[in-house]
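>>> next comes the sequence, and after it the predicted model I'd like to discuss.
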Amino acid sequence: MPVVVDNSAAQLTGHLKGNVDKIADTTFKLAAEKQKEVDAINAKIKNVNDTLTAYDRSIAIENEMYDIIEEEKANNINNPQLAVKNVEARGRELIATRMAELDNTTDIAVKEKMAGIITNSFRGKLGELHTWQVGQDTANAQGKIDSMINGLMTRASKSGSLETLAECLNFDNYIDANGNPLSDSIKMAYGNKGVKEIQKAKENIAESYIMGLLDRKTPNQVNAVLDSGALDSVISPEKKLSLKKMAKTMVTAQNSAAKRDAYFEIYNIKENATLLAAEGKYTPSMYMQDKRRIAQLGGKASDYNVILSKSMSSDKISKKENFKQNQQIAHDKVTKEWARISGKSGKISPNADLEDIIKFQNLVEENREYFTGEQYDNYMIKLSKSRVKRVKDMRTDVFGRPQGTLKGDDNYSKGYTQIYKFAQTNYKGDDTKRLDAINNMTGEFVKQAERTEAQTGKPLTESQMQSIVKGVQTRQTQRTNPHLQNIPKNGQTFRDKSTGRVYRIYPDGRREVVK
């Protein structure tokens, strides 16, 4: 009987070993797969961290780049192309320098991300800068065009020549170095509005020419030019009508002034003749000279014998004596006041304020008939420099409180403050007109304020001051804009052709939108 070997234990051991190997293989595979997942997650986390680190470090460099851009824009606002060129060069240099400064501890991936972030940012900023360049070039071109037009307006206003005006109006046909008319550049600078801008500029130049004629008090020439139709192609019918009204107002004012001056001169000639005759000094040859002059002034001279007979009347002699007495009184008052406000040098004392100077000026003007022209001019010359100096010193602090010669809390000082602010607003950029306006208004203000105090027997109140200031400001506005003298108290409406809006304008220059 064969021997049976029991190998079940070995088989069992082999079977177990095989299972263990399978389990181990499976475990190793699972671990490897898990490690891949972990590595992938870690890679993503590292990428996120590298990106955040790159952005964090890039911000400082981008801020430096922003500073460079703003600096170049400010320094080269009149040459935008140079600003772009400088930013490109400085930007590249900045990126290269800052990237080279990164130490060896900085991960290569962070460096690469930083390079990409900064490069893209720089590219975007350059795009924005190029857009700025186009806009700034356009603005600069418009500014140069405006400056040129203002220069032509000034030239036209100073010239009475139609030939000069025609040359100024032909500006759009000026040829540049490349043989192109200036109108091409204007249309490029203003785009679709180019044609309108040219027409608007021509109207402004023509209006400046007319206003220059009015400034030189030649309203008849204004009417002749406007009536000729020479400017019809550049001035709107509404503007033409407005300018003709200004000229008419000035003609009326000149005629009235001429008649008034002629009347007073004739009166003075006759009075002087009578006084000379009373002294026995009026000769026939003097009479013939006076007769011719009176005829030139549109008057009729009295008969020589009538003059002699009138000169014998006690009334004329009495008038002459009264004139001498009043003349002496006037001289005494003016001399006394001058001694009060002047120093040893014969000039206005530094301690005299603006009110003192204006009061003295008004005193001289009120007594002007008792002074010769030379005496009057001598006082005015002495007053002029001091008055202008003090007017120039007028100023207020940031809260609108009076400073300098305006300092004070009385109603006179408050009036000066309002007058000064009015002139600053309405004559900005023109020192001569501003100072003239302040001189005119302060002189008139003090005169009326003193008259009000004399009538009431009390110091000037704030409401009285406000009323007087408003009046002198209105009259100053009308002096500057003669056409306002024809406007009724309740205002007059007119339509602005360029906007279609209807306004109501008042004698003091105020303007309200009606619709």
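Nice, thanks for sending it over.

>>> mind jotting down where the strands sit in the stretch 251-400 of the chain?
Defined through DSSP state E, counting those that start in this stretch, the strands belonging to the stretch 251-400 of the chain, from first to last, are 395-396.

>>> show me where pLDDT drops low in it?
253-254, 256-257, 308, 310-320, 343-346, 350, 353-354, 377, 380-400 (pLDDT under 70).

>>> which outside residues touch stretch 461-476?
Contact with stretch 461-476 is made by 411-412, 414-415, 418-419, 422, 437, 440-441, 444-445, 448-449, 452, 507-509, as judged by CB atoms under 8 Å, 6 or more residues apart in numbering. For every residue, glycine as well, the C-beta is placed using N, CA and C.

>>> out of the residues you listed, which are inside helices?
The helices in this structure, assigned by DSSP state H, contain 411-412, 414-415, 418-419, 422, 437, 440-441, 444-445, 448-449, 452 from the contacts of stretch 461-476.

>>> tell me which two of these sit farthest apart.
When CB to CB is used, the two most widely separated members of the ones in helices among the contacts of stretch 461-476 are 437 and 452, lying 22.0 Å apart.

>>> tell me which of these two has more neighbours.
Taking residue 437 and residue 452 together and counting by other CB atoms under 10 Å, residue 437 has the greater number of neighbours (25 against 17).

>>> might one say that that one is in contact with residue 427?
Yes - checked against CB atoms under 8 Å, the pair residue 437 and residue 427 is within contact range at 5.5 Å.

>>> skipping adjacent residues, who's closest to residue 231 in space?
residue 206 (4.9 Å; CB to CB, 6 or more residues apart in numbering).

>>> contacts only, for residue 428.
Residue 428 makes contact with residue 434 under the criterion CB under 8 Å, 6+ apart.

>>> where does it sit: helix, strand or coil?
The assignment at residue 428 comes out as coil when based on DSSP: H, G, I helix; E, B strand; the rest coil.

>>> torsion angles phi and psi at it?
As for residue 428, its main-chain torsions (degrees, to the nearest 10) stand at phi -60, psi 130.

>>> ok, the residue nearest to residue 92 when sequence neighbours are not counted - how many residues close by?
What sits nearest to residue 92 in space, not counting adjacent residues and going by CB to CB, 6+ apart, is residue 122, at 8.0 Å. Residue crowding around residue 122 was assessed by other CB under 10 Å; the count is 20.

>>> helix or strand for residue 122, just tell me which one.
For residue 122, the element it lies in under DSSP states H and E is helix 108-158.

>>> next structured bit after that helix?
Sequence order places helix 162-169 as the next helix or strand after helix 108-158, per DSSP H and E.

>>> what angle sits between that following helix and helix 108-158?
Between the axis of helix 162-169 and that of helix 108-158 there is an angle of 160 degrees, by axes from the mean of the first three to the mean of the last three CA atoms, to 10 degrees.

>>> now do the contacts for the residue nearest to residue 231.
156, 165, 169, 231, 234, 235.

>>> now swap in residue 286 and tell me
Each residue near residue 286 by CB under 8 Å, 6+ apart is listed here: 273, 276.

>>> thinking again about what came up before, now, of the contacts of residue 206, which are buried?
Neighbour-count burial (16 or more other CB atoms under 10 Å) is assigned, among the contacts of residue 206, to 156, 165, 169, 231, 234, 235.

>>> in a helix, the fifth one, correct?
Translated: residue 234. No - following the definition three-state DSSP, residue 234 is coil and is not counted among the residues of a helix.

>>> ok, now which ones touch residue 136?
For residue 136, the contacting residues are 73, 77, 80, by CB under 8 Å, 6+ apart.

>>> from residue 416, how far off is it?
Residue 136 sits 43 Å away from residue 416, taking CB to CB, to the nearest Å as the criterion.

>>> can you check residue 284 too?
Distance, residue 284 to residue 416, using CB to CB: 56 Å.

>>> just residue 63 next, same as before
Counting by CB to CB, the gap between residue 63 and residue 416 amounts to 51 Å.

>>> ok, now residue 195?
Looking at residue 195 against residue 416, where the rule is CB to CB, the gap reads 48 Å.

>>> so where's the stretch 1-150 of the chain uncertain?
Of all residues in the stretch 1-150 of the chain, those with pLDDT under 70 make up the ranges 1-29, 31-40, 42-43, 46-48, 50, 105.

>>> thinking again about what came up before, now flag whichever of the ones in helices among the contacts of stretch 461-476 is closest to residue 239.
Nearest to residue 239 among the ones in helices among the contacts of stretch 461-476 is residue 437, at 25.2 Å by CB to CB.

>>> retrieve the pLDDT associated with that closest one.
In the prediction, the pLDDT value recorded for residue 437 is 80.

>>> for it, give me its contacts.
Each residue near residue 437 by CB under 8 Å, 6+ apart is listed here: 422, 423, 426, 427, 476, 480.

>>> average model confidence for stretch 468-486?
Per-residue pLDDT over stretch 468-486 has a mean of 75.

>>> let me redo that: stretch 167-176
Taken as a whole, stretch 167-176 has a mean pLDDT of 84.

>>> hmm, back to that, CSV for the contacts of residue 206, including distance to residue 273?
Shown next, in CSV, are the contacts of residue 206 (distance: CB to CB, whole Å):
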residue, distance to residue 273
156, 49
165, 49
169, 55
231, 50
234, 55
235, 51
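
>>> widest-spaced pair of the residues you listed?
With distances taken as CB to CB, the most widely separated pair in the contacts of residue 206 is 156 and 235, at 12.5 Å.

>>> could you list the domains of the protein?
The record assigns the chain these domain ranges, following automatic domain parsing: 8-138, 236-311, 481-515.

>>> state the distance from the residue nearest in space to the middle of the chain to residue 422.
The central residue of the chain, meaning the one whose C-alpha is nearest the mean C-alpha position (CA atoms, centre = their mean), is residue 428 at 4.8 Å. In this view, residue 428 and residue 422 are 11 Å apart by CB to CB.

>>> ditto for residue 214
Remark: distance between residue 214 and residue 422 (CB to CB) = 23 Å.

>>> which ones are touching the residue nearest to residue 92?
When contacts are counted by CB under 8 Å, 6+ apart, residue 122 touches 65, 91, 92, 95.
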